[in-house]
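1. Would you be able to build a 3D model of this:
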Amino acid sequence: MNTAKTAFGLHETSRVIIPGFYFTTLLFFLLWSFRHGFLASLGDSIALSILFVFMTVVSGLTMYAKESTKRRKAFQENQPSLWLQNKARTMSKVQPLDDSVAQRLYFYILNNHVPPIFHEKIFFFGTFYHIMILMRRTSFWFAMFATAAVLSQLAMSVPLNEQQAPIAFTLTVWVIYLLNVRYNKADRKMQENYQDQIFWLELNSDLVEQILRKRRTS
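-> Alright, predicted model coming up:
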């Protein structure tokens, strides 16, 4: 159980640090490409390092707290808690489960009955999904902003040959975004992750029914 808790903590920390690091890296490259002297004006390398770490943590925590990835179709569909709700409906003298109760019940089963070695896969692919979706959205908005900035400079009569760094940054971020959309492994792996969990519940149907009945009597 301690190993599972450690793995959970590491995966949750990764959901903060990696998207935050990606956001801050793109922000610094954006500022450098459009304003070459901006970073140098901030001071020595220690000050830059402190600013980088600060932006990484703040942006990562902001995206983590918003939890926008949980509202996507790939996250909402085929959740194991929905399987528990459907299972409860088929059983006599068992009260129907609402969404919140079904989720709490599934986490109880996950923490107390699903083998610890299975937890690592669940945590890993859940973390992978959140990180990849946040990176995709971050890439999209940076690409949009950089494109608008290049076009605005063109409108101000800044020629393309003087915008080589901004154009290179913009194209690179667009390519990252489009590759992420084209090879959408995050959504697919999230659904596979759910299917594996549901498969375990199906194989342990007697245990699930026992827990559902125990909840009714308690």
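
2. Run through this protein and note the low-pLDDT ranges.
-> 1-7, 36-44, 216-218 (pLDDT under 70).

3. Just give me the longest helix of it.
-> helix 116-155 (DSSP state H).

4. what ranges do the helices span in this protein?
-> Using DSSP H, helices in the chain cover 2-34, 45-66, 73-76, 80-90, 99-112, 116-155, 164-182, 185-203, 205-217.

5. how close does the closest residue to Trp174 other than its chain neighbours get to Thr25?
-> In space, Trp174 comes closest to Ala143 once its chain neighbours are excluded; the distance is 4.6 Å by C-beta to C-beta, 6 or more residues apart in numbering. Every C-beta, even on glycine, is put in place using the N, C-alpha and C of the backbone. Ala143 sits 14 Å away from Thr25, going by C-beta to C-beta, to the nearest Å.

6. So those two - more neighbours on which side?
-> Ala143 (21 against 14; other C-beta atoms under 10 Å).

7. I'd like to know how far the residue nearest the centre of the chain sits from Ala186.
-> By C-alpha atoms, centre = their mean, the chain has its centre lying nearest to His130, at 1.3 Å. Remark: distance between His130 and Ala186 (C-beta to C-beta) = 8 Å.

8. Which residue is the nearest non-sequential neighbour of Asn193?
-> Phe125 (4.1 Å).

9. what's the burial count for that neighbour?
-> Neighbour number of Phe125 under other C-beta under 10 Å is 21.

10. surely it meets Tyr194?
-> No - the criterion here is C-beta atoms under 8 Å, and Phe125 misses it with Tyr194 at 9.3 Å.

11. Ser205 versus the nearest residue to Asp99 once chain neighbours are set aside, what's the distance?
-> The shortest distance from Asp99 to any non-neighbouring residue, by C-beta to C-beta, 6+ apart, is to Ser81 (7.0 Å). Ser81 sits 16 Å away from Ser205, going by C-beta to C-beta.

12. do Phe107 as well
-> Phe107 is 19 Å from Ser205, by C-beta to C-beta.

13. same deal with Ala155?
-> Where Ser205 is concerned, Ala155 sits at a distance of 65 Å (C-beta to C-beta).

14. List the contacts of the spatially closest residue to Ile167 that is not a sequence neighbour.
-> What sits nearest to Ile167 in space, not counting adjacent residues and going by C-beta to C-beta, 6+ apart, is Val150, at 6.1 Å. Contact partners of Val150, counting by C-beta atoms under 8 Å, 6 or more residues apart in numbering, are 163, 166-167, 170.

15. What of Leu151?
-> No contacts exist for Leu151 under C-beta under 8 Å, 6+ apart.

16. any idea how far Val158 is from it?
-> 10 Å.

17. Same question for Met144.
-> Using C-beta to C-beta, Met144 is found at 19 Å from Val158.

18. Same question for Lys185.
-> Distance from Lys185 to Val158, by C-beta to C-beta: 39 Å.

19. List phi and psi for the residue of the chain positioned farthest from its centre.
-> Residue farthest from the centre of the chain, counting by C-alpha atoms, centre = their mean, is Ser157 at 40.1 Å. Ser157 adopts backbone torsions of phi 70, psi 30, taken as degrees, to the nearest 10.
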